[in-house]
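1. how would this look folded up:
(one chain, ligands or ions: 1)
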Amino acid sequence: MDVDIGNALGTTPGVTTGVLDRLDDRVADAHETITDGMANDAFGYAALNLPETADPDAIRSAVDRYDDPEAVLTVGIGGSALGAATLANALDSEVDAYFLDNVDPDQARRLLAELPLSETVVNVVSNSGTTAETLANFLVVREAMDRADVDWTDRTFVTTGGEGNLRRLAEKHDLPALDVPAGVPGRFSVLSTVGLAVAALQGHDVEAILRGGADGRENLSGSLYDSPAYAYGAVSYALARRGATTNAMMPYAESLETFAEWFAQLWAESLGKDGVGQTPVRALGATDQHSQLQLYRAGPREKLVTLLRPRERADVSIPETDLEGLSYLGGSSLGELLDAEFEATEASLAAAERPNVRIEIDRVDERSLGELLYGMEAACVLYGELDGVETFTQPAVEWGKKAARGLLGGGEFEEAEAVSDKRELVVSGGR
Ligand SMILES: O=P(O)(O)OC[C@H]1O[C@](O)(CO)[C@@H](O)[C@@H]1O
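-> The predicted structure is shown next:
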């Protein structure tokens, strides 16, 4: 993974080499804190040890019992789905991967109608083991399997931390259970059982993913000038402090679209604390050049645009044509066009003095993905250190969880009562 921060210099908002040099002293201190946390397997920092601590054999032995599944259905939300989905949507496999990561009745009905339930492995994932959406979806899936006369206990395994409801359910029905490693928050768990069980079921090279993570770890050092991940984290932080409070993550590969979703949770839930943070926006190149770029180039100067691409891709050539005005396309390829769009967009932002950073990986494969995911996690941890926030928790989400539970009679919560205090100013359409 290479990170080019050149287009963050001299832009508005922007940084200077002087700013980066001064910031680099703080990066050295932050790196010490991070490596201490890793050395002690401390909460959160333990995630950065996963390239060494994850156990591919244990993961495989948990999933090898399922002979030639046609599909794997992951029931989980947030960090319990996005990492696995990033790998599944980036890499090709004979085994189809589906994700039930919302409680939308239409989506659940359509998915369960489509799935070959008797040939599907169900992977229920919840770090806490208590998340309502995940447990509700699992009850719905279980019932659908019962109705289809499919023995769900035969086709279901769980991945969970702690001693929550999911653990008890697994023990009650003797389901295979993978542990979420201690000290690894959901959004930092892709290189653990949480992200790798589906990858193993789909036949991906789990060791290569972890080797990519190890490459990322090897690149961590006490200077942003030696560590691509820290360069990205430090520049994102410095730009946010100077007004770039939005970060548009724009991969130039459809196969990396879900990566942008994964990044959004990582960045938002880790760094959105105490009134600070940088709002991640999911974009896609070249598609969003035709929807968002106008704003990125000419709207409020409060954005960093992160342009991500693989250097190598399997290509499709554009046939020669004598159609007027199109001959310049003939004979080139979609990949060449996409790269031209990438470089042109990058230059167009620079010409408008809009900060942007280029991230390049070799290709979309297991090792490069492992390095990219690890790199973004390390960048996020560094940013959190520099901003002095508690990177590994997400206390602000608990209010809504209590309110929703209370509304469904799941307990007495003042938050639920507060829901009815809503201020109303309803404007209705004519019916
Ligand atoms: O894995 P769990 O405990 O079910 O949580 C799912 C997601 O919900 C959150 O706790 C936020 O509500 C995320 O941090 C987490 O990734």
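2. please count neighbours and contacts with C-alpha atoms only from this point.
-> Fine.
3. what strand or helix carries the most centrally placed residue in the chain?
-> Taking Cα atoms, centre = their mean, the centroid of the chain lies closest to residue 262, which sits 1.4 Å from it. Element membership for residue 262, per DSSP states H and E: helix 257-271.
4. what lies in contact with that helix?
-> Contact with helix 257-271 is made by 78-79, 82-83, 85-86, 89-90, 187-188, 249-251, 277-284, 376-377, 380, 383-384, 389-394, as judged by Cα atoms under 8 Å, 6 or more residues apart in numbering.
5. list the buried residues for that helix?
-> Of the residues in helix 257-271, 257-271 count as buried by neighbour count, 16 or more other Cα atoms under 10 Å.
6. tell me the buried residues in the helix or strand bottoming out on mean pLDDT in the chain?
-> The helix or strand with the lowest mean pLDDT-type score in the chain, counting by mean pLDDT, DSSP states H and E, is helix 414-419 (a mean of 83). Residues of helix 414-419 classed as buried by neighbour count (16+ other Cα under 10 Å): 415-416.
7. by contact count, what packs against that helix?
-> With contacts defined as 3 or more Cα pairs under 8 Å, 6 or more residues apart in numbering; DSSP states H and E, helix 414-419 has these neighbours: helix 398-407.
8. in the helix it packs on, which residues are buried?
-> 401-407.
9. tell me if the helix holding residue 262 is near the ligand.
-> No. Looking at helix 257-271 against the ligand by Cα under 6 Å from any ligand atom, there are no contacts, and the closest approach is 7.0 Å.
10. give me the helices and strands touching the next helix or strand after that helix, please.
-> Helices and strands here follow DSSP H and E; after helix 257-271, the next one along the chain is strand 279-282. Under the contact definition 3+ Cα pairs under 8 Å, 6+ apart, strand 279-282 sits against strand 246-251, helix 257-271.
11. output those in a markdown table, with distance to residue 28 and mean pLDDT appended to each entry.
-> Shown next, in a markdown table, are the helices and strands packed on strand 279-282 (distance: least, Cα to Cα, whole Å; pLDDT from 0 to 100):
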| stretch | distance to residue 28 | mean pLDDT |
| --- | --- | --- |
| strand 246-251 | 24 | 98 |
| helix 257-271 | 20 | 98 |
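12. so can I have TSV of those showing distance to residue 178?
-> As requested, the helices and strands packed on strand 279-282 are exported to TSV (distance: least, Cα to Cα, whole Å):
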stretch	distance to residue 178
strand 246-251	32
helix 257-271	22
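13. break this structure into its domains for me.
-> As assigned by automatic domain parsing, the chain contains the domains 2-36+210-387, 55-180.
14. same list, these, but as TSV with distance to residue 44 please.
-> As requested, the domains of the chain are exported to TSV (distance: least, Cα to Cα, whole Å):
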stretch	distance to residue 44
domain 2-36+210-387	9
domain 55-180	13
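15. closest one to residue 417 among these?
-> With Cα to Cα as the criterion, residue 417 lies closest to domain 55-180 of the domains of the chain, at 18.9 Å.
16. near the ligand, which residues of the stretch 151-300 of the chain?
-> Selection of the stretch 151-300 of the chain residues close to the ligand by Cα under 6 Å from any ligand atom yields 186-187.
17. which residues does the residue in the stretch 151-300 of the chain positioned nearest to the ligand contact?
-> Taking Cα to the nearest ligand atom as the measure, the point where the stretch 151-300 of the chain comes nearest the ligand is residue 186, at 4.1 Å. Contact analysis of residue 186 by Cα under 8 Å, 6+ apart lists 78-80, 127.
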